[in-house]
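Trainee: Just the structure for this:
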Amino acid sequence: MAGFHRALIRRTINLLIVLFLVLVLTVSLLGETMDKILTDNIRQEVIASLIDSKIKFQDAEAQQAYVDQQIKLRIRNLGLDEPWYSPKRFLNTIFKVMMLDLGRSYFLTSDNGSPEVLDIIAEKVPRTLLLFTSATVIIFVLGIYIGPYLAERYRSKLDKANVFISMYSNSLPGFWVGMIMIYLFAFIVPIFPVRSTPTSSPSDPFYIIDLLYHMALPLITLVVLSIAVQSYFVRLFVVNILDEDFIKAKRAIGVPKKKILYSHALRNAAPPLLNSIILGLASSFGGALLVEIVFEWPGVGFLFYEAITVFDVPVIIGLVYISTIIYIAAVFLTDLAYSVFDPRVKAIS
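Mentor: Here you go, the predicted model:
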């Protein structure tokens, strides 16, 4: 047990180091551009306030001197008088982000009008989790029923057809399949809306129904894209388990095939399956960009697209940070799951 605790602490420290390095790299790549945008915004604010104040100057030089003075004053007040790579400012930025002080967006706001980056992201996260968690659960449930069925019929025509479909569907771009689905089910057979953005307000009592209706088409698309692949992976793990001696022994003593497949074999294949599910969920959180753009689903992926389009640096940094936290938390949970389901991992730890 002591060895397990030491391994747990070591992995936690490693994951925190990864999180810090990702944040350092992100701030380093965006630092110079961030300063330029901030300076431009300050200049525009000073000029706008000057027009509103209707202050008169003797000549253009006096007006320019006043503008330059106000810009320098605001830059100093915001702590931008030092370059972004100076140790004081660089570490201060990283420390604030790690404490979830993500600042204010330059251009975007939440549905409630808040410019705080944390509020904007917090508003989008539940929608992304709703879509991709629902899809993952459906794919997993179907996969654990179809996979063992195919494993029992290894190398049959049905098994070979599933292998072909999984390879083909896995190679298809998600955004292309999404566009085909929109064309088929929003134009040819108009069952679903073209855009997946709900038309009602979050305060509307029927908002949840509206949200689920608009979610249906991207959800179906994700399931169609992944069900064959998930079935193939479950089938692959179960086939390997079926070659084990203890499975052959159970067959020899007359244990029913269905019980062997869905109880003994599937239970022993649980650790790698659980690993793929957890990491798949975490990856979808950051990799949902193209699917959400095609359907205009108001989640984290579409927010990424909006932030990149207008180059809203605080939102981009916040999204990268939150996505990294979720991914490393998934890796951490996967380690814990392995230690619970597989005694060999516990013993090694």
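
Trainee: Next, the contact list for the residue nearest to Leu118 when sequence neighbours are not counted, please.
Mentor: Of all residues beyond its chain neighbours, the one nearest Leu118 is Leu102 (5.1 Å), with distances taken as CB to CB, 6 or more residues apart in numbering. Every residue, glycine included, has its C-beta placed from N, CA and C. Each residue near Leu102 by CB atoms under 8 Å, 6 or more residues apart in numbering is listed here: Lys96, Glu116, Val117, Leu118, Ile121, Pro314, Ile317, Gly318, Tyr321.

Trainee: at 7 Å instead, please
Mentor: Leu102 makes contacts with Val117, Leu118, Pro314, Gly318, as judged by CB atoms under 7 Å, 6 or more residues apart in numbering.

Trainee: Hmm, Ile121 and the last one touching each other?
Mentor: Yes - with contacts defined as CB atoms under 7 Å, Gly318 counts as touching Ile121 at a distance of 5.6 Å.

Trainee: on that earlier part again, going by neighbour count, which of the contacts of Leu102 are buried?
Mentor: Buried members of the contacts of Leu102, counted by 16 or more other CB atoms under 10 Å: Val117, Leu118, Pro314, Gly318.

Trainee: In helices, which of those appear?
Mentor: Val117, Leu118, Pro314, Gly318 (DSSP state H).

Trainee: Which one of the buried ones among the contacts of Leu102 is nearest to Ser166?
Mentor: If you rank those by distance to Ser166 using CB to CB, Gly318 comes first, at 35.8 Å.

Trainee: tell me the SS of the most far-flung residue of the chain relative to its centre?
Mentor: Distance from the centre of the chain peaks at Gln58, with 55.9 Å (CA atoms, centre = their mean). Secondary structure, DSSP: H, G, I helix; E, B strand; the rest coil: Gln58 is coil.

Trainee: What does the pLDDT read for it?
Mentor: Gln58 is assigned 74 on the pLDDT scale.

Trainee: Farthest-apart pair in the ones in helices among the buried ones among the contacts of Leu102, please.
Mentor: Leu118 and Pro314 (10.0 Å).

Trainee: for the stretch 1-150 of the chain, what spans make up the helices?
Mentor: 2-53, 60-77, 87-98, 117-152 (DSSP state H, counting those that start in this stretch).

Trainee: Of all these, which one is nearest Leu333?
Mentor: helix 2-53 (10.9 Å).

Trainee: The closest one vs helix 87-98, what angle?
Mentor: 110 degrees (axes from the mean of the first three to the mean of the last three CA atoms, to 10 degrees).

Trainee: Now do the same for helix 2-53: mean pLDDT, whole number.
Mentor: So the average pLDDT for helix 2-53 ends up being 76.

Trainee: Ala122: what's it in contact with?
Mentor: With CB under 7 Å, 6+ apart, Ala122 has no contacts at all.

Trainee: quick one, phi psi at Ser105?
Mentor: phi -70, psi 150 (degrees, to the nearest 10).

Trainee: Now find how far off-centre stretch 98-111 is within its chain.
Mentor: Relative to its chain's centre, stretch 98-111 lies at 18 Å (CA atoms, centre = their mean, to the nearest Å).

Trainee: Next, the distance between the ends of it.
Mentor: 25 Å (CA to CA, to the nearest Å).

Trainee: List the buried residues in that stretch.
Mentor: For stretch 98-111, using 16+ other CB under 10 Å, the buried residues are Leu102, Gly103, Ser105, Tyr106, Leu108, Ser110.

Trainee: can the residues you listed go into TSV with extra columns for pLDDT?
Mentor: Shown next, in TSV, are the buried residues of stretch 98-111 (pLDDT from 0 to 100):
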residue	pLDDT
Leu102	83
Gly103	80
Ser105	84
Tyr106	78
Leu108	87
Ser110	86
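
Trainee: which one of the residues you listed is nearest Ala48?
Mentor: Nearest to Ala48 among the buried residues of stretch 98-111 is Tyr106, at 15.0 Å by CB to CB.

Trainee: continuing past the helix or strand that Ser276 is a member of, what's the next helix or strand?
Mentor: Using DSSP states H and E, the element containing Ser276 is helix 270-287. Next in sequence after helix 270-287, counting helices and strands by DSSP H and E, comes helix 289-295.

Trainee: from the chain's centre, how far out does that following helix sit?
Mentor: On CA atoms, centre = their mean, the centre of helix 289-295 falls 12 Å from that of its chain.

Trainee: again, but for stretch 268-275
Mentor: That offset, for stretch 268-275, works out to 22 Å (CA atoms, centre = their mean).

Trainee: circling back: which one of the contacts of Leu102 is nearest to Thr128?
Mentor: Gly318 (14.3 Å).

Trainee: For that closest one, give me its contacts.
Mentor: Leu102, Val117, Ile121.

Trainee: Give me the angle between the helix or strand encompassing Tyr305 and helix 2-53.
Mentor: Element membership for Tyr305 (DSSP H and E) is helix 300-310. On the basis of the same axes, to 10 degrees, helix 300-310 is oriented at 40 degrees to helix 2-53.

Trainee: Make residue 1 into 423 and carry on from there
Mentor: Got it, first residue is 423 now, which makes that one helix 722-732.

Trainee: what helices or strands is helix 722-732 leaning on?
Mentor: Counting by 3 or more CB pairs under 7 Å, 6 or more residues apart in numbering; DSSP states H and E, the packing neighbours recorded for helix 722-732 are helix 539-574, helix 711-717, helix 735-763.

Trainee: again, only using 10 Å
Mentor: helix 539-574, helix 692-709, helix 711-717, helix 735-763 (3 or more CB pairs under 10 Å, 6 or more residues apart in numbering; DSSP states H and E).
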